[in-house]
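J.: The sequence isn't on hand, but the structure is:
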């Protein structure tokens, strides 16, 4: 299943527009908050696909029946760029476990790059619903490496990938590798440059959220 928020006429498109706007991107707090908002909207849409169980809640005046998620959920993200999107998901799935993966691109002079991983912190994934977030799905390499690193930690009953902007090439790559994974995205862009940047995209989500990192 693939969900594309930009295909729907919702307030989410306002947040996507602000994320892309080069003038508004100078306000880091607003940029991070808009990534959070995209995470919140996609969390709500994703929640419609979960399994639920009925519980009884004691109110001051009686007992109410309601439904809550039945499965254990783990929210995973790729540091550092994924933190605001992860926070948006966490605002709605606020009782879940979290996993963190430290990964970065190491660029070479010929324009190629490799993904380096340094750290993984994750609970047991067996029979959970895994939600992996990364704001930019360009080539799909980071998502692939993250899922490969998480594989020894257990087998989820369902896997969801959440991203703000996806490139068509990366989207197709992830779909080929992980056919059973559900993908939730804010928008899909068709172009990917020779250096694997999404066009029109929105730039470097990590730098725009937290400042320019030191170059390798």
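T.: Good, I have the coordinates. Keep in mind it's a predicted model, so treat the numbers as computed, not measured. Residues are numbered from 1 along each chain as shown.

J.: use CA for all of it now, contacts and neighbours both
T.: OK.

J.: Contact partners for residue 202?
T.: 19, 20, 21, 22 (Cα atoms under 8 Å, 6 or more residues apart in numbering).

J.: Reduced to three states, what does residue 131 come out as?
T.: State at residue 131, reduced to three classes by DSSP: H, G, I helix; E, B strand; the rest coil: strand.

J.: Name all residues that make contact with it.
T.: Residue 131 touches 73, 74, 75, 76, 159, 160, 161, 162, counting by Cα under 8 Å, 6+ apart.

J.: Have a look at the protein and report the helix or strand with the lowest mean pLDDT.
T.: strand 113-121 (a mean of 73; mean pLDDT, DSSP states H and E).

J.: Could you tell me which ranges of the protein sit under the pLDDT cut-off?
T.: Scanning the chain for pLDDT under 70 picks out 104-116, 213-216.

J.: hey, where'd the helices end up in it?
T.: 12-20, 28-47, 83-92, 141-150, 168-177, 205-210 (DSSP state H).

J.: Of these, which stretch is the most buried?
T.: helix 83-92 (a mean of 23; mean count of other Cα atoms under 10 Å).

J.: How about residue 157: what's its closest non-neighbour residue?
T.: Closest residue to residue 157 apart from its sequence neighbours, by Cα to Cα, 6 or more residues apart in numbering: residue 127 at 4.7 Å.

J.: any idea how far that neighbour lies from residue 89?
T.: In this structure, residue 127 and residue 89 are 20 Å apart, going by Cα to Cα, to the nearest Å.

J.: Over to residue 174?
T.: Residue 174 is 21 Å from residue 89, where distance means Cα to Cα.

J.: Next: residue 100.
T.: 14 Å.

J.: what does residue 176 give?
T.: 25 Å.

J.: can you check residue 164 too?
T.: For residue 164, the distance to residue 89 equals 12 Å [Cα to Cα].

J.: which residues do these two both contact?
T.: By Cα under 8 Å, 6+ apart, residue 164 and residue 89 have these common neighbours: residue 39.

J.: that older thread, including distance to residue 1, could the helices of the chain go into JSON lines?
T.: Putting those into JSON lines (distance: least, Cα to Cα, whole Å) gives the following:
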{"stretch": "helix 12-20", "distance to residue 1": "20"}
{"stretch": "helix 28-47", "distance to residue 1": "11"}
{"stretch": "helix 83-92", "distance to residue 1": "19"}
{"stretch": "helix 141-150", "distance to residue 1": "17"}
{"stretch": "helix 168-177", "distance to residue 1": "10"}
{"stretch": "helix 205-210", "distance to residue 1": "25"}
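
J.: closest to residue 193 out of these?
T.: Ranking the helices of the chain by proximity to residue 193 (Cα to Cα) places helix 168-177 first, at 10.8 Å.

J.: Show me what the closest one is packed against.
T.: helix 141-150 (3 or more Cα pairs under 8 Å, 6 or more residues apart in numbering; DSSP states H and E).

J.: what angle separates the helix it packs on from strand 129-133?
T.: 140 degrees (axes from the mean of the first three to the mean of the last three Cα atoms, to 10 degrees).

J.: Tell me which residues touch the spatially most central residue of the chain, please.
T.: In the chain, the residue lying closest to the centroid (Cα atoms, centre = their mean) is residue 133, at 2.0 Å. Residues near residue 133 by Cα under 8 Å, 6+ apart: 75, 76, 77, 78, 82, 85, 86, 161, 162, 163.
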